[in-house]
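Peer 1: Quick one, structure for this:
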Amino acid sequence: MNNYKKFAAKFCGVELLIIALANIVYYVTANNQEPCISRVQDKTETIYKIIYTQTDYRTWILMDVVLGILFLLSVFLICYIGKKIIKPFEQMQSLTEELAKGNLSVPIKAEKSKFLGRFLWGMDMLRETLENNKEKELALQKEKKTLVLSLTHDIRTPLSAIRLYAKALEEDLYTTGERRVGACQGIGKNVKEIEEYVNEITLASREDFLQLSVNPGEVYLSHVIDAIRGLYEEKLHNLHTGFQIASYNDLLLKGDEDRLIEVLQNLLENAIKYGDGKRISIDFSEEEDCRLLTVRNSGCSLKQEELINLFDSFYRGSNVGSAEGSGLGLYISRQLMRKMDGEVFVEIKEDDFCATIVARKA
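Peer 2: Next comes the predicted model:
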């Protein structure tokens with residue numbers, strides 16, 4: 001705010017200087033006009049007239065009034081911008097730092113300004129979303145730890161039984177073959193029980209740990225495509241990658257607009273990272289009551305047998321090379337589409353990788 005005050009003071013000073021210079025120039029110009037002699041020839045005589053130019057003070061006053069009004073308007077505008085825009089931004093300068101530190105509990109003070117009201121509302125929504133996600137993550141971690149501890153405790157019982165059977169067999173405590181067979185069967189039974197516990201742990205670790213939420217509704221296909229075009233047309237142009245969106249008939253789809261855009265973004269980001277960078281396209285087709293959106297990129301080096309695993313969480317194909325990633329993009333896309341009563345599938349066509357979204361018509 002101090003920098004803005006310095007700027008405002010300099011700006012007003014320059015304006016006053018301009019007004020003063022304008023008055024000086026006008027005064028000098030008005031008073032430097034010397035009288036002139038005019039000669040008029042009559043029939044009988046010659047008449048000489050001395051003409052004096054009188055300063056027009058009304059014009060001078062009008063000029064000062066106009067300059068004064070402009071000066072006052074500029075002062076008002078500077079004060080208004082300082083109060084309504086600069087000052088609120090100064091008050092929010094530590095907001096992003098607090099969010100980065102994880103201080104999410106303090107709500108953002110609302111601002112009635114039409115310039116910043118929606119911005120602050122959006123920032124507060126971001127804060128609430130981050131806070132809710134943090135709480136969900138903590139609750140999920142607690143639930144997973146509780147489950148693991150419980151299963152770990154349950155595993156100890158069959159492990160103890162196996163240990164006793166093994167020790168008895170080692171020390172040859174079972175004198176008959178029938179008892180030894182019974183001990184081996186007991187070991188097998190407990191091993192099977194441990195396998196069930198391990199499967200439960202594996203299943204718990206592969207559940208919907210991301211807690212993906214969807215707001216069911218209806219969305220025009222054109223809204224989704226326009227958003228994607230705005231996000232990727234210039235980006236792909238800068239990457240010298242051909243980008244083509246096929247023509248389509250607009251219609252209503254079932255789903256969450258933001259989530260549909262997110263799924264398309266995931267597919268396009270994969271096409272950028274794992275394609276050869278020559279060509280990416282979005283094609284459209286219909287199948288019964290569904291609209292199919294296919295993201296196709298050139299240069300697929302994946303093997304056909306890998307396709308079945310691409311939708312597993314944390315799985316990355318053999319074509320990743322040095323490209324960074326988590327192996328969650330396609331997994332998240334499928335989970336989101338299934339929550340919107342849709343689907344995602346992939347295939348390889350003529351050395352092109354095709355990822356297709358199946359969205360239901362409204």
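
Peer 1: quick one: buried residues of stretch 185-194?
Peer 2: The neighbour-count check on stretch 185-194 (16 or more other CB atoms under 10 Å) flags G186, I187, N190, E193, I194 as buried. C-beta coordinates here come from the backbone N, C-alpha and C atoms, glycine included.

Peer 1: Give the single residue among those positioned nearest to L70.
Peer 2: For the buried residues of stretch 185-194, the residue nearest L70 by CB to CB is I194; the value is 86.2 Å.

Peer 1: Now do the closest one against L169, distance only.
Peer 2: Separation of I194 from L169 (CB to CB, to the nearest Å) stands at 18 Å.

Peer 1: With A20 instead?
Peer 2: When A20 is compared with L169 (using CB to CB), they lie 109 Å apart.

Peer 1: helices or strands up against the top helix by length along the chain?
Peer 2: Counting by DSSP state H, the longest helix found in the chain is helix 117-170. Packing contacts for helix 117-170, counted by 3 or more CB pairs under 8 Å, 6 or more residues apart in numbering; DSSP states H and E, involve helix 95-101, helix 177-205.

Peer 1: switch the cut-off to 10 Å
Peer 2: Contact partners of helix 117-170 among helices and strands, from 3 or more CB pairs under 10 Å, 6 or more residues apart in numbering; DSSP states H and E: helix 87-91, helix 95-101, helix 177-205.

Peer 1: Could you tell me the angle between it and helix 177-205?
Peer 2: Per axes from the mean of the first three to the mean of the last three CA atoms, to 10 degrees, the angle that helix 117-170 makes with helix 177-205 is 170 degrees.

Peer 1: as a whole number, average confidence for helix 117-170?
Peer 2: Helix 117-170 shows a mean pLDDT of 78.

Peer 1: what does stretch 173-190 give?
Peer 2: 83.

Peer 1: got a list of contacts for it?
Peer 2: Identification of contacts with stretch 173-190 by CB atoms under 10 Å, 6 or more residues apart in numbering yields 155, 157-169, 172.

Peer 1: Which among those count as buried?
Peer 2: Buried members of the contacts of stretch 173-190, scored by 16+ other CB under 10 Å, are I155, P158, I162, Y165.

Peer 1: Tell me which two in these are the farthest apart.
Peer 2: The widest separation within the buried ones among the contacts of stretch 173-190 (CB to CB) is 15.7 Å, between I155 and Y165.

Peer 1: on that earlier part again, nearest to R316, of the contacts of stretch 173-190?
Peer 2: Comparing the contacts of stretch 173-190 against R316 with CB to CB places I155 closest, at 30.9 Å.

Peer 1: isn't the closest one right next to I201, touching?
Peer 2: Yes - counting by CB atoms under 10 Å, I155 does reach I201; the two are 9.3 Å apart.

Peer 1: What backbone torsions are found at M340?
Peer 2: phi -100, psi 20 (degrees, to the nearest 10).

Peer 1: now the one 5 residues further on
Peer 2: For F345, the backbone dihedrals are phi -140, psi 160 (criterion: degrees, to the nearest 10).

Peer 1: who's in contact with it?
Peer 2: L292, T294, L307, L310, F311, R334, M337, C354, A355, T356, I357, V358.

Peer 1: Excluding chain neighbours, give the residue nearest to S281 in space.
Peer 2: Q244 (4.5 Å; CB to CB, 6 or more residues apart in numbering).

Peer 1: So which residues of this protein form strands?
Peer 2: Taking DSSP state E, the strands of the chain run over residues 36-41, 46-51, 218-220, 242-245, 252-254, 279-287, 290-298, 343-349, 352-360.
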